[in-house]
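Asks: Generate coordinates for the sequence data below:
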Amino acid sequence: MLDLPSVGTDPTKIDFAKLPRLNGQHAVISRGDDAWKFRLHNYLAHFDGKFWCIWSHGPVIEDKATQHVRFATSRDGLHWNDAQQLTPPPPKGCGYIARGLWIRNGQLLALASLFEAPSAFGGRLELHAFAWDKETTKWRHAGLVMDDAINNFPPKKLPTGDWMMSRRDHRHNVSMLIGGVKSLSKWRVIPVASHQLPDGGRPEEPFWWALRDGNLVGLFRDNADSNRLYRAFSTDSGQSWTTPVRTNFPDARSKFNALRTSRGYWVLVSNPNPAGRNPLCLSTSDDGLVFTRMAALRIPSKRGDTLQYPHVIEHERRLYIAFSRNKTAIEVLTIELDEVNHLRK
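Replies: Residues are numbered from 1 along each chain as shown. The predicted structure follows:
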């Protein structure tokens, strides 16, 4: 999965301090305060002429009771209004985790999983949708999407016309949900992997994309000790998947995100240094299978800062990458695709 000009296929030879740097414009969306220190699980969308960002907002660290979802908007992706609460106060002993922004049939939906504290896994776990009402400028509860479910990113369209998103249940088992056309709650569950693979890997936080030939790639963080991403494939529009196998792409056991750009190549934003969640890097691939370029994102940071959980979208020939710093601030970096092209020469 990795083949760089400088080190070939051996990720242990990467000198992260000497990676090329990608320049962009940087801004803070929301910074922690004394009352609400925690911010993570950020997602972006462009809808109705504005950028939207949602994230998990909590008292101290993640997965504590009273955690909820907040949102902010921006006209240019760099200047953001004050954050407002999106989800209602959770039931006693529970919290919400932000799970993505989904544009479905021209409507903006925010997804959030309701969990039973002090962990997102092991107890109550429900994926809910909230719809933006432009007339009232409020979010309203649109319904339960799936019980015993936490997705990782919002649904994307399959060539079949169905939507598909990854899902973990309260036991960390990974599956895909296919449907979402007839109603928000109509899905078929396609098993992908148990929490423990035969080789000891523990696949988490899955993501998928389509290749040019229509086949699908599933990518997984490994919560064991391999410090590598795992990968699986589907040749039948997500109806079945190969067993995830370990790749040579390095990882700090952190969430990642990818997309195919309007110029035809794929970008993967991740923390590839096994030593920790800094730097945040962008890698590119011509075919969606092998990534042949890698650069660190030029983000101002101090020693000890962590930069994690990226979400990337493209709008008008620019990439917009939201991420969390130290799990206490939500920030964004915008990069022109022309800047990425320099990396690929």
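Asks: From now on I want contacts and neighbour counts done on CA atoms only, so please keep to that.
Replies: Will do.
Asks: can you give me the helices in the protein?
Replies: For the chain, applying DSSP state H gives helices covering 337-343.
Asks: what bits of it have low per-residue confidence?
Replies: Along the chain, the model assigns pLDDT under 70 to no residue.
Asks: A35 and L108, how far apart?
Replies: 29 Å (CA to CA, to the nearest Å).
Asks: More neighbours: which of these two?
Replies: Using other CA atoms under 10 Å as the criterion, A35 and L108 rank with L108 on top: 22 against 9.
Asks: what bridges to that one?
Replies: Per DSSP bridges, the residues bridged to L108 are I103.
Asks: Do I have it right that it meets A129?
Replies: No. L108 is beyond contact range of A129, at 9.9 Å (criterion: CA atoms under 8 Å).
Asks: burial measure for D148, as a count.
Replies: Residues lying near D148 (other CA under 10 Å) number 20.
Asks: ok, it to S119 distance?
Replies: D148 sits 14 Å away from S119, going by CA to CA.
Asks: now swap in G304 and tell me
Replies: According to CA to CA, G304 and S119 sit 26 Å apart.
Asks: swap in S270?
Replies: Relative to S119, and taking CA to CA, S270 is found at 24 Å.
Asks: So between these two, which is more surrounded?
Replies: Taking neighbours as other CA under 10 Å, S270 and S119 compare with S270 leading, 28 against 17.
Asks: Quick check, the more buried one in contact with R253.
Replies: No. Between S270 and R253 there is no contact under CA under 8 Å: 9.6 Å.
Asks: surely R253 meets N223?
Replies: Yes. Taking CA under 8 Å as the definition, R253 is a contact partner of N223 at 6.1 Å.
Asks: More neighbours: which of the two?
Replies: Remark: of R253 and N223, R253 carries more neighbours, 26 against 20, as counted by other CA under 10 Å.
Asks: what's the more buried one in contact with, if anything?
Replies: Counting by CA atoms under 8 Å, 6 or more residues apart in numbering, R253 touches R221, D222, N223, N227, R228, N271, P274.
Asks: and what of D286?
Replies: By CA under 8 Å, 6+ apart, the contact list for D286 reads G264, Y265, W266.
Asks: Can you tell me which of those residues are classed as buried?
Replies: Among these, the ones that count as buried by 16 or more other CA atoms under 10 Å are W266.
Asks: What count of nearby residues applies to the nearest residue to S175 once chain neighbours are set aside?
Replies: Using CA to CA, 6 or more residues apart in numbering and skipping residues adjacent in sequence, the residue nearest S175 is P191, 4.3 Å away. Using other CA under 10 Å, the number of residues around P191 comes to 17.
Asks: what sits opposite the residue nearest to D133 when sequence neighbours are not counted in the beta ladder?
Replies: With CA to CA, 6+ apart as the criterion, D133 has its nearest non-adjacent residue at 5.9 Å, and that residue is W139. Beta-bridge pairing of W139 under DSSP bridges involves W132.
Asks: I'd say W139 and L111 touch.
Replies: No. Using CA under 8 Å, W139 is not in contact with L111; the gap is 11.3 Å.
Asks: of the two, who's got more company?
Replies: Each of W139 and L111 has its neighbours counted (other CA under 10 Å); L111 has more, 28 against 19.
Asks: about what we covered before: can you name the two of the contacts of R253 that sit furthest apart?
Replies: The distance between the two most remote of the contacts of R253 (CA to CA) is 13.9 Å, for N223 and N271.
Asks: Mind giving me the PyMOL command for buried ones among the contacts of R253?
Replies: This is how PyMOL selects the buried members of the contacts of R253, with burial counted by 16+ other CA under 10 Å:
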select buried, resi 221+222+223+227+228+271+274
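Asks: Looking at the contacts of R253, which are in strands?
Replies: Per DSSP state E, strands hold the following members of these: R221, D222, R228.
Asks: Compile those residues into CSV and extend it with columns for distance to R246.
Replies: Output for the ones in strands among the contacts of R253, formatted as CSV (distance: CA to CA, whole Å):
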residue, distance to R246
R221, 10
D222, 9
R228, 6
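Asks: and which of those residues is nearest F51?
Replies: Comparing these against F51 with CA to CA picks out R221 as the nearest, at 27.7 Å.
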